[in-house]
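Visitor: sequence-free structure coming up:
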C-alpha cells in the first residue's frame, strides 16, 4: 500500500471520513437525501456515486473516540467492502484526523484484509492501490506505511498459524516455518529434540511431549539489535499445537477449537516479525516449547511425578493442565540461561480466565508494579486489554503436594487461572519483572472475517506497542 502526499484533479475512488460532529458541519454539501442513510455513526458506510467517482462515506462515531476505534472502523470497512474496492489511486479526505489517528486507519485497512487461508489478493495489497492524503508530509506517510505493513505481516502470521487445522501444523511444519523465518530476518534459531531435552533436564516439557508421535522441538529464537545497552525482553509463548487434554480427555463438543492452544506462541511470532521488520532497538529472546498433547501408550498419566528443569518435582493430577508444565520449563530455562530486563509469558491457559472475562480482556499476573501498569496502559491504547489479578501467597497452599514439591492443579473448583499463575511463579527463578498473561478467552473468538470462532491476533499489538515504546 503506497501512501502519497498529493491530490490529483480527478479520482474514481474516494474515502471520506466523518465523525458525527463533522457530518453535522459539512453534510450539507451532499444531497439532503443522503442524511436519511448516513449520519457519521461508528461503522456506518454510505456509497455515494456521481458521473465521475464513487465516494465511500465512512462513519467514525463521536469525535471523542479513541484511536483504536478508528482501526476497528477501518478493519470492518476493509472486510465488508472488499468485493467492491478497486486497486486504484484513492483520495482520503479527513482534515480533522491527527497523525496517530490516520496511522490507525491505515493499519486497520491492512488488518481487515485477513481471512483464512490468507493471500494478499485484497485490493489493498495490490501495487496499484495508492492512498493520496495531503495532510501529512511524505516522510510521515512513509513511516506510517512501513509500520502498518510490519504490523499486518506480524498479526496476519499470528492469525494464520492459529487458524490452521491440526493436520496442517504438526511440529515439523511449524519448525520449518520458524527456521525459514529466522533465515529471512537474520534471527538466531535453536531447537532441542527429545534427546537434547533429556540431557538438559527439561522434564516438565518432556512429560507433555512424551506421548507425541513427533519429536520434541523446544525452540529458542533471538532477535538482536546493534543498539548499545538495549533492553532485553524475554518472551515465552505456550505452543501446544493441538490439545486433546491427554489421558484427562477433554469433552469432544468443542474440541476442534483446541487447534487454538498455541495462541501465546503465535502472539510471540507476530511480535518477532514486527520487531525485525521495524528494526526495533531492543533484544528479544523468545522461547516456544512446541508439542501437541495427545493420548498414546507413552502419554504421561495422572499421578506421575515429574522433575522440572529447575529441579522442582511436580505431581501431575490432570494431564489437561499441560500448558503450565511446558511454560514452567520455558520460564526457568530462559531465566537461568539469559539475562533479560523483562520476562513475559503468554498462554491460552485456563477455562477459568474465559469464565471470568469472556472475550473482553486477558487475565494478567505480575510481580512488578511498573510492568503491570505498563501492560494495563498499553492494553487500553491498543484495545488488547489485560486485567490484573492477585498473586497472593495464600494461593500457594493449593499447589502443595504430598508426594512432590508441587502439584499441577488444585482440586478446588475455583480460581484456576490464579492457581496456574502461582504455579508458574515457582519457575521464574526470582526474576524481578515478570508478567503472565492468560489469553484463553481473547486469542480465539468472534471475528468479522469468519462464521465460526477464529483467531483475533490478540497479543501482537499489545507486545509490539509495549516493546516499541518502552524507554
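Guide: Here it is on my side, so go on. Every value quoted in this text rests on a predicted model; they were computed, and no experiment measured them. Numbering: from 1, shown residues only.

Visitor: where does stretch 300-314 sit relative to the chain's centre, distance-wise?
Guide: Distance of stretch 300-314 from the chain centroid (C-alpha atoms, centre = their mean, to the nearest Å) equals 30 Å.

Visitor: what residues does it touch?
Guide: Applying C-beta atoms under 8 Å, 6 or more residues apart in numbering, the external contacts of stretch 300-314 come out as 200-205, 207-208, 210-211, 246-248, 315-319, 325, 328-329, 332-333, 336, 401, 403-408, 426-427, 429. Bear in mind the C-beta positions are built from the backbone N, C-alpha and C, glycine included.

Visitor: Repeat that for stretch 247-259.
Guide: Contacts for stretch 247-259 (C-beta under 8 Å, 6+ apart): 162-166, 169, 241-244, 295, 299-302, 318-320, 444, 453.

Visitor: returning to that earlier point: kindly give a single PyMOL line that selects the buried subset of the contacts of stretch 300-314.
Guide: Command for PyMOL, covering only those of the contacts of stretch 300-314 found buried under the criterion 16 or more other C-beta atoms under 10 Å:
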select buried, resi 200+201+202+203+204+205+207+208+210+211+246+247+248+315+316+317+319+325+328+329+332+333+404+405+406+407+408+426+427
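
Visitor: The contacts of stretch 300-314 in helices, which ones?
Guide: Using DSSP state H, the subset of the contacts of stretch 300-314 located in helices is 200, 203-205, 207-208, 325, 328-329, 332-333, 336.

Visitor: Quick check: which element contains residue 175?
Guide: Using DSSP states H and E, residue 175 sits in helix 171-185.

Visitor: list the buried ones in that helix?
Guide: 171, 174-175, 178, 181-182.

Visitor: what helices or strands is it leaning on?
Guide: strand 188-192, strand 217-223, strand 239-243, helix 263-278, strand 283-293 (3 or more C-beta pairs under 8 Å, 6 or more residues apart in numbering; DSSP states H and E).

Visitor: got the angle between it and strand 217-223?
Guide: 10 degrees (axes from the mean of the first three to the mean of the last three C-alpha atoms, to 10 degrees).

Visitor: who's in contact with helix 171-185?
Guide: Contacts of helix 171-185 (C-beta under 8 Å, 6+ apart): 161, 187-189, 191, 212, 214-215, 217, 219, 221, 223, 239, 241, 269, 272-273, 276-277, 288, 290-292.

Visitor: Residue nearest the middle of the chain, spatially speaking?
Guide: Ranked by distance to the mean C-alpha position of the chain (C-alpha atoms, centre = their mean), the top residue is residue 459 at 2.9 Å.

Visitor: per-residue confidence for it?
Guide: As predicted, residue 459 sits at a pLDDT of 98.

Visitor: same check, this time on residue 471
Guide: On pLDDT, residue 471 comes in at 63.

Visitor: same deal with residue 258?
Guide: 98.

Visitor: which regions of the protein sit below the pLDDT cut-off?
Guide: 471 (pLDDT under 70).

Visitor: Let me see the ranges of the helices in it.
Guide: For the chain, the helices defined by DSSP H occupy 20-26, 67-80, 99-111, 138-163, 171-185, 194-200, 203-209, 263-278, 323-337, 351-357, 369-382, 416-425, 460-468.

Visitor: As JSON lines, those helices with distance to residue 55 would be great.
Guide: Shown next, in JSON lines, are the helices of the chain (distance: least, C-beta to C-beta, whole Å):
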{"stretch": "helix 20-26", "distance to residue 55": "13"}
{"stretch": "helix 67-80", "distance to residue 55": "13"}
{"stretch": "helix 99-111", "distance to residue 55": "16"}
{"stretch": "helix 138-163", "distance to residue 55": "21"}
{"stretch": "helix 171-185", "distance to residue 55": "40"}
{"stretch": "helix 194-200", "distance to residue 55": "60"}
{"stretch": "helix 203-209", "distance to residue 55": "56"}
{"stretch": "helix 263-278", "distance to residue 55": "33"}
{"stretch": "helix 323-337", "distance to residue 55": "50"}
{"stretch": "helix 351-357", "distance to residue 55": "40"}
{"stretch": "helix 369-382", "distance to residue 55": "30"}
{"stretch": "helix 416-425", "distance to residue 55": "48"}
{"stretch": "helix 460-468", "distance to residue 55": "30"}
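
Visitor: Any idea which of those gets closest to residue 233?
Guide: Among the helices of the chain, helix 460-468 comes nearest to residue 233, with 5.8 Å by C-beta to C-beta.

Visitor: can you give me how far the closest one is from the chain middle?
Guide: Helix 460-468 has its C-alpha centroid displaced from the chain centroid by 9 Å (C-alpha atoms, centre = their mean).

Visitor: Show me what it is packed against.
Guide: Judged by 3+ C-beta pairs under 8 Å, 6+ apart, the packing partners of helix 460-468 are helix 138-163, helix 263-278, helix 369-382.

Visitor: Same list, the ones you listed, but as a markdown table with mean neighbour count please.
Guide: Below are these laid out as a markdown table (neighbours: other C-beta atoms under 10 Å):
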| stretch | mean neighbour count |
| --- | --- |
| helix 138-163 | 21 |
| helix 263-278 | 27 |
| helix 369-382 | 17 |
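
Visitor: can you list those in a markdown table and add distance to residue 414?
Guide: Formatted as a markdown table, these follow (distance: least, C-beta to C-beta, whole Å):
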| stretch | distance to residue 414 |
| --- | --- |
| helix 138-163 | 29 |
| helix 263-278 | 23 |
| helix 369-382 | 23 |
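
Visitor: returning to what we had before: which stretch among the helices and strands packed on helix 171-185 comes nearest residue 153?
Guide: Relative to residue 153, the nearest member of the helices and strands packed on helix 171-185 by C-beta to C-beta is helix 263-278, separated by 5.4 Å.

Visitor: Direction-wise, compare that closest one with helix 460-468 and give the angle.
Guide: Interaxial angle, helix 263-278 versus helix 460-468 (the same axes, to 10 degrees): 50 degrees.
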